[in-house]
Each structure stands twice: as C-alpha cells, then as structure tokens.
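Student: Pasted the sequence and its predicted model underneath.
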Amino acid sequence: MPDLPLVEVVVAILIRPDSSFLLTCRPTGKPYSGYWEFPGGKIETGESPVQALARELNEELGITPDQATPWLTRLFSYPHATVQLRFYRVTSWQGEPAPREQQQLAWQTADNVTVSPLLPANIPILRSLMLPSIYAITCAAETGVEASLLSIRQAFQSGIKLLQIREKAMPPDQLECYVQTVLQLARNNHQVTVLLNGNIALAQTVQADGIHLTSTQLLSLTARPTVNWCGASCHNAEELKRAEQLGVDFVTLSPVYPTLSHPGAPSLGWDKFSVLLRDYPLPVYALGGLQPTDLAIAQEHGAHGIAMMRGI
Ligand SMILES: Nc1nc2c([nH]c(=O)n2[C@@H]2O[C@H](COP(=O)(O)OP(=O)(O)OP(=O)(O)O)[C@@H](O)[C@H]2O)c(=O)[nH]1
C-alpha cells in the first residue's frame, strides 16, 4: 500500500477562564461528519500554523485569537490520511464564537464530556486537558516534615490540584507515614491528585493516584506501571522519546534554570526547551528554578505548565 500523505493540521483549544473548552460537530459532507472535534483545519501552503489558526477561527467561528500558545503535536493515521495535529491553547479572543458553517457548538469540561462521538485522535487530548497548569513537588528533606505538611496544606487551600511526593532520602517507615498523611489531606478536602516519586510498590500499597518515574526507571522499564496517573522526569530528547513510547501521561523537562537541588547541572534555557518540545505529543511541565510568575513564558515555549518544589 502506498504511504498516505501527511496532512498538517492546526487545532485550537479555546479555553474559557472556568477551564471549559469548545468542541464543534463536523458538518455533513466532510469525512467523519457528525464527530466532535476542536475548531481548526488544514494548514495551507505558505501559511504558518498561527496564521492558519487565525484563518480557521475566523472562517469557522467568526473570532480573532489574541493569545495562542503551542501545546501538543500529535501524529494520527486515519484510513484516508495521516494527520499531524498541532494543538494550540487559545485563552483570549475577540468576538463571540458563533457557527459559520452550520456546525453545532458545545462548551465542555475534560472530566465531563457530554457530546459524542469524538474524533479518535482527540480522545487522549481530553486526558491531557485534565492536568492543571501547576505541578507541586514536596521538599520535606529541606524544610522538615512539619513545615512541609504545613506548606502542602496551604498549597491545597490555594488551589493546587497535582502534587508529587519526592522524598528520596526519607527512611521507608517515615515515608509511608508521610505519604498516608498527605493522601488524607488531599482526599479530605481538596481532591488533589497525588503521585509518588519512584516507589511503584508503595504507590500501589497506599493507593496513591499514581507514580512519577525517575529518568532511570524510564529508561529501564519495559511497560507503563499499572497506576491511574503516570508522570516521568526527562532531561533530554532520548528520555522524552522513551516517555512517549512507554505511554506515560505527562513529563517534566528540566532544568530550565539552575536549581538548588541540582547544583552545577547545565540548564536548558527556554530556547533549548522549546526545540526539545517541537512535535512532542505529551503535556510537559517545565521544571527547574521556576516561580509561579514563569507560567506564561513556559507556555509560550510549548509547556503545559510549570512544576515547582519551592514557591508554591
Ligand atoms: N479541525 C480538526 N481536525 C481534526 C481534529 N482531530 C483530528 O483528527 N482532525 C483531523 O484533521 C483533519 C482536518 O481536516 P478538516 O477537514 O477539518 O480541514 P479543513 O477545515 O481545512 O477542511 P476542508 O477539507 O473542508 O478544507 C481531518 O482529517 C480531521 O479528521 C480536531 O480536533 N479538529
């Protein structure tokens, strides 16, 4: 069978302040008509992805994007073509989206999609959209357990929804007790997703929400651990590729800036960070010396969000 042509497509996730996003129903006459998708379409010859995005949003919905940041790139083979979908997050636009092609519109949330069927390529995208933009990481080794639990409680109160327990030097008994305490805090009040760094057996025993793989585990494991959420630490192209092959849900990529936890390690800087993310299909948290105020610059360079040990 001859190779199918590669079709370059730009896709807009229009996101409102309450995190809902817009899906539209493919009109009759197109392949997969009746399926729900994000607004977007093929990139025309001579257009940049951002120009195509603006044209498609105007043609389909009559709006002009003000703010669009690159997000994921996903390659998917349909019977008629292989598509390279370049997803952008659009968080600000002029005009009110209105159907210009008689298509139905629906504002949805990732944990409660009420329309179906979705275009098959978009199903993993909804899981990625469930991830918050800040990924907090514990550092009890630095602050002590009591201070760490206090700052975790404060972080939960201020809206943190994803936390990694990363206490590599804590003795096993103390670690289990610390993890149980954090899980209880997370579940009692706040519905926070808690991942445990490295220790798959303990994560399964205490029924944590998932595991965050170290880069060493990433390179040695042959299958994704059976947990609900699986993140992984990456520092280079090889580890990013491995995370993709293993089918983890998201990665951290570090260090963007020099950090206290890895003194002397060479940092990536934003240019190298964005080059590594070009065409990457998984959500990536930028990590290393970042503050909440770095979220915008991280997203401009293709990050899903930022991960932080300090500053939460
Ligand atoms: N717009 C859009 N296309 C998607 C999504 N997911 C996905 O797999 N695709 C695929 O990407 C391709 C986009 O083609 P399209 O038909 O929407 O493009 P277009 O607006 O330029 O249409 P045209 O062929 O009428 O000019 C299709 O193969 C479609 O199945 C999505 O969320 N949004």
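Tutor: Cool, the structure landed. Computed from a predicted structure; not experimentally measured.

Student: which element is R310 on?
Tutor: Counting by DSSP states H and E, no helix or strand carries R310.

Student: Can you name the residues that contact it?
Tutor: Residues near R310 by C-beta atoms under 8 Å, 6 or more residues apart in numbering: 139, 260. All C-beta atoms are positioned from the backbone trio N, CA, C, and that covers glycine.

Student: so what's whichever residue of the stretch 201-312 of the chain sits closest to the ligand closest to, chain neighbours aside?
Tutor: Distance from the ligand to each residue of the stretch 201-312 of the chain (C-beta to the nearest ligand atom) is smallest for P281, at 12.8 Å. Spatially, and ignoring its direct neighbours in sequence, P281 is nearest to R74 (4.8 Å; C-beta to C-beta, 6 or more residues apart in numbering).

Student: so what's the one you found bridging to?
Tutor: Counting by DSSP bridges, R74 forms beta bridges with L85.

Student: ok, it - contacts?
Tutor: Going by C-beta under 8 Å, 6+ apart, the list of residues near R74 reads 84-85, 87, 121, 124-125, 281.

Student: So for it, what's the pLDDT?
Tutor: In this model, R74 is scored at 97, pLDDT.

Student: State the distance from it to the ligand.
Tutor: Distance of R74 to the ligand, given as C-beta to the nearest ligand atom, to the nearest Å: 8 Å.

Student: where's that residue relative to E244, distance?
Tutor: 11 Å (C-beta to C-beta, to the nearest Å).

Student: any shared contact partners between the two?
Tutor: What both R74 and E244 touch, as defined by C-beta under 8 Å, 6+ apart, is the set P281.

Student: picking that back up, in three-state terms, label the residue of the stretch 201-312 of the chain closest to the ligand for me.
Tutor: coil (DSSP: H, G, I helix; E, B strand; the rest coil).

Student: what about it, how many neighbours?
Tutor: For P281, the count of nearby residues is 17 (other C-beta atoms under 10 Å).

Student: doesn't Q84 make contact with it?
Tutor: No. Using C-beta atoms under 8 Å, P281 is not in contact with Q84, being 10.2 Å away.

Student: okay, and the common contacts of these two?
Tutor: 73-75.

Student: Let me see the ranges of the helices in the stretch 201-312 of the chain.
Tutor: For the stretch 201-312 of the chain, the helices defined by DSSP state H, counting those that start in this stretch cover 215-220, 237-246, 269-277, 295-300.

Student: With P39 as the reference, name the closest of those helices.
Tutor: Closest of the helices of the stretch 201-312 of the chain to P39 is helix 295-300, at 19.3 Å (criterion: C-beta to C-beta).

Student: quick one: average pLDDT of the closest one?
Tutor: The average of the pLDDT scores along helix 295-300 is 98.

Student: Buried ones in stretch 260-279, by neighbour count?
Tutor: Neighbour-count burial for stretch 260-279 flags 261, 268, 270, 273-274, 276-277 (criterion: 16 or more other C-beta atoms under 10 Å).

Student: Can you give the contact residues for that stretch?
Tutor: With C-beta under 8 Å, 6+ apart, stretch 260-279 has contacts from 70, 73, 84, 139, 236-237, 240, 253-259, 284, 286, 288-289, 297, 301-303, 309-310.

Student: sorry, back to before: next up, the contacts around the residue of the stretch 201-312 of the chain closest to the ligand.
Tutor: P281 is in contact with 72-75, 244, counting by C-beta under 8 Å, 6+ apart.

Student: Please convert the buried members of these into PyMOL selection syntax.
Tutor: Selection of buried members from the contacts of P281 for PyMOL, criterion 16+ other C-beta under 10 Å:
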select buried, resi 72+73+74
